[in-house]
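Asks: predicted model and sequence follow; I will ask about them next.
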Amino acid sequence: MIVERRWRIGLRTVALAYFLALLLLPVGLVFYRTFEHGVGYVIDSVTTPAAISAFWLTIEVTAIAVPLNAVVGILAAIALARSDFRGKALLNGLLDLPFAISPVVIGLSLVLLYGRTGWLGPWLADNGIRIIFSVPGIVLATIFVSLPFVVREVTPVLREIGDEQEQAAATLGAGAWTTFRRITFPAIRWGLAYGIVLSVARAVGEFGAVSVVSGRVAGETMTLTLLVQQRFENFELAGAYAASALLAVIALLTLVAMTRINPRREEEHET
Amino acid sequence: MSVTALPRSTTRRTRLPAGSLGIGVATLWLSIIVLLPLAAVVARSFDDGLSGFWDAATSRQALAALRFTLIVSLLAAAINAAMGTLLAWVLVRDRFRGKGLVNALIDLPFALPTIVAGLTLMALYGPTSPFGINIAFTQFAVLLALLFVTMPFVVRAVQPVLIELDREMEQAALSLGASNATVFWKIILPNLVPALLSGAALAFARAVGEFGSVVLISGNIPFDTQVSSVFAFKQIESDNPVGAAVVSTVLLAISLLVLLGIRGLGRWGARHDR
């Protein structure tokens, strides 16, 4: 299709106007609102004890959830790409569930399993284990929502590279671990990195599922996203903007990482 | 596409030993983290029997919330199907300064926490709007929030197909006297349809369950701006787990249907390719 210049500019304008009004303008305005009272104010409101504890809790939860999902994700990807077994299609389909389910449903599901009246509730209470309204619940919610990213990024790479090199290594006497470390891992590392970046973004930013299970105890179960909402609802607008800006910076860093990794990942796909 | 082109025979000869370990670990992990909790939701939703489930699912407020959720999600998916295709087209076929930046920023809604998305829209289109546009707590605001969070889906689904699209076909059609409109409707669009539909379906699924970006700006007004996910959340807060489980089970069923639909589309698209 050869589009006349006039039309091309028209289409471009419409597309970019939509992009600008919906995406860029609102996000830009939050940065503006954040800094309108000066940088000092921003620094003050992201270094209150509540904000610092929310920041570290978010980091802690992410640091637990993402590596676990990465390891399981690699194993699952190898299973999906390299073996045939009964129920493979089912497993493959179910892995997408966390993408399609409402975060509120995810939160509720954990409450109904581990909460006071949940299936495991009485047993947990007898043994003095607290999951809901406590950090383990937040960790479980975060693992749930970020579960599919690594599998979904690594599986297609594994399929595409085939297993000839792995076979050759095995023939030459390499053990499973050596084969993985020397052959498989170098081939999938950029796909894996991409999946990890996506997982981190989702883990840091998760709100709905976490807000159901957290109980919002200040200084204990308050994550950054929950802090944003709490400040907003308490009419501490400037504080809410500052915490949002911090999260937006993390999101922008994620995008930078994605654009850096993407070309290498695509190269990986071609080899 | 390229995945199916791989010679399957090579992958079946022997197995990496990690394969069987992987099956076990993945199944166990998925069961503990995802399936068991979801089973608890479905089971709890039938605590008051089948009639209890039906009464709660079809209460006036639940139905109103569900109807609004489905309509607004469908609208958001449809608008983004059109605008997403246009954005993808502009990103692939047009050339302008800053294109790389726009291309990278398209993913922002995926990377930005939903509550921050809600707050940003509130800042621009809420009571403190610098342009004096206050649409907070209206149905339109909910649509806007859903448009924001679902924008990348269709762009990212259509873009790779558009890049790979054989331009010789278009040139052949043009040289045979076809108009631009004919080329678009008869050649380009049919090639994009499978990707476009599956992107729109993902956007729809996301919109139906969306919570964080909607919770601030919707105001949660029953029979007006209340969506199902926020309704379920309020039920949890008012200590009505069975009611929340009923709404959740309905949402879960919708998610499953959309996922099945997308898989069907995938198969159809793969057939289309050959």
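Replies: Everything's here; your move. These numbers come from a predicted model, not from an experiment.
Asks: tell me, please, where in the stretch 1-150 of chain A the pLDDT is lower than the cut-off.
Replies: Scanning the stretch 1-150 of chain A with the threshold set as pLDDT under 70 gives A:1-2.
Asks: would you list every one of the helices in it?
Replies: For the stretch 1-150 of chain A, the helices identified by DSSP state H, counting those that start in this stretch occupy A:5-19, A:25-35, A:39-46, A:49-82, A:88-94, A:97-100, A:103-114, A:121-126, A:135-146, A:148-161, in order along the chain.
Asks: got the domain boundaries for the chain?
Replies: In the absence of a named chain, this looks at chain A. Residue ranges for the structural domains of chain A, counted by automatic domain parsing, are given in the record as A:1-36, A:38-270.
Asks: that's the wrong chain, I wanted chain B
Replies: The record's domain parsing of chain B by automatic domain parsing lists B:17-46, B:49-273.
Asks: and the helices of the stretch 1-150 of chain A: which comes nearest residue B:53?
Replies: With Cβ to Cβ as the measure, helix A:103-114 is the member of the helices of the stretch 1-150 of chain A nearest residue B:53 (14.8 Å). Glycine gets a C-beta too; all of them are placed from N, C-alpha and C.
Asks: where along the stretch 151-271 of chain A do the helices fall?
Replies: Under the criterion DSSP H, counting those that start in this stretch, the stretch 151-271 of chain A carries helices at the ranges A:164-171, A:176-179, A:185-205, A:208-214, A:224-233, A:237-270.
Asks: do you know how far the residue in the stretch 151-274 of chain B that chain A sits nearest to is from residue A:204?
Replies: Residue of the stretch 151-274 of chain B nearest chain A, by Cβ to the nearest Cβ: residue B:209 (2.8 Å). From residue B:209 over to residue A:204 the distance is 19 Å, taken as Cβ to Cβ, to the nearest Å.
Asks: mind listing what's buried along stretch A:162-175?
Replies: For stretch A:162-175, burial by neighbour count (16 or more other Cβ atoms under 10 Å in any protein chain shown) applies to A:162-163, A:166-167, A:169-170, A:174.
Asks: make that stretch B:122-141, sorry
Replies: Along stretch B:122-141, these residues count as buried under the neighbour rule (16+ other Cβ under 10 Å): B:122-126, B:135-139, B:141.
Asks: what about it, start to end distance?
Replies: Taking Cα to Cα, to the nearest Å, the span from the opening residue of stretch B:122-141 to its closing residue is 9 Å.
Asks: now it: mean pLDDT?
Replies: Averaging pLDDT along stretch B:122-141 yields 87.
Asks: stretch B:223-233 now?
Replies: This predicted structure assigns stretch B:223-233 an average pLDDT of 93.
Asks: show residues contacting stretch A:38-53.
Replies: Under the criterion Cβ atoms under 8 Å, 6 or more residues apart in numbering or on different chains, residues A:34-35, A:55, A:218-220, A:222, A:224, A:227, A:238-239, A:242-243, A:245-246 lie in contact with stretch A:38-53.
Asks: who wins for most neighbours among these?
Replies: If you count neighbours using other Cβ atoms under 10 Å in any protein chain shown, the busiest of those is residue A:243, which has 32 neighbours.
Asks: quick check: closest non-adjacent residue to that one.
Replies: Take residue A:243 and drop its neighbours on the chain: the residue closest to it by Cβ to Cβ, 6 or more residues apart in numbering or on different chains is residue A:228, 4.7 Å away.
Asks: thought that neighbour was touching residue A:240?
Replies: Yes: the pair residue A:228 and residue A:240 passes the contact test of Cβ atoms under 8 Å, sitting 5.3 Å apart.
Asks: what do those two both touch?
Replies: Any residue near both residue A:228 and residue A:240 by Cβ under 8 Å, 6+ apart counts here, and that gives residue B:119.
Asks: against which helices or strands is the host helix or strand of residue B:174 packed?
Replies: In this assignment (DSSP states H and E), residue B:174 forms part of helix B:167-175. Secondary structure elements in contact with helix B:167-175, counted by 3 or more Cβ pairs under 8 Å, 6 or more residues apart in numbering or on different chains; DSSP states H and E, are helix B:180-183.
Asks: give me the buried positions along the helix it packs on.
Replies: In helix B:180-183, counting by 16+ other Cβ under 10 Å, buried: B:180, B:183.
Asks: how near is the residue of the stretch 151-274 of chain B closest to chain A to residue B:256?
Replies: Using Cβ to Cβ, which is the criterion applied here, residue B:209 is 12 Å from residue B:256.
Asks: anything in contact with each of those two?
Replies: When contacts are counted by Cβ under 8 Å, 6+ apart, the set common to residue B:209 and residue B:256 consists of residue A:100.
Asks: what about these two, which has more around it?
Replies: residue B:209 (28 against 16).
Asks: which residue sits closest to the more buried one, ignoring its sequence neighbours?
Replies: Counting by Cβ to Cβ, 6+ apart, residue A:102 is the residue found nearest to residue B:209 once chain neighbours are left out, at 2.8 Å.
Asks: wait, that neighbour touches residue B:208, no?
Replies: Yes: the pair residue A:102 / residue B:208 is scored as a contact, 7.1 Å apart, by Cβ under 8 Å.
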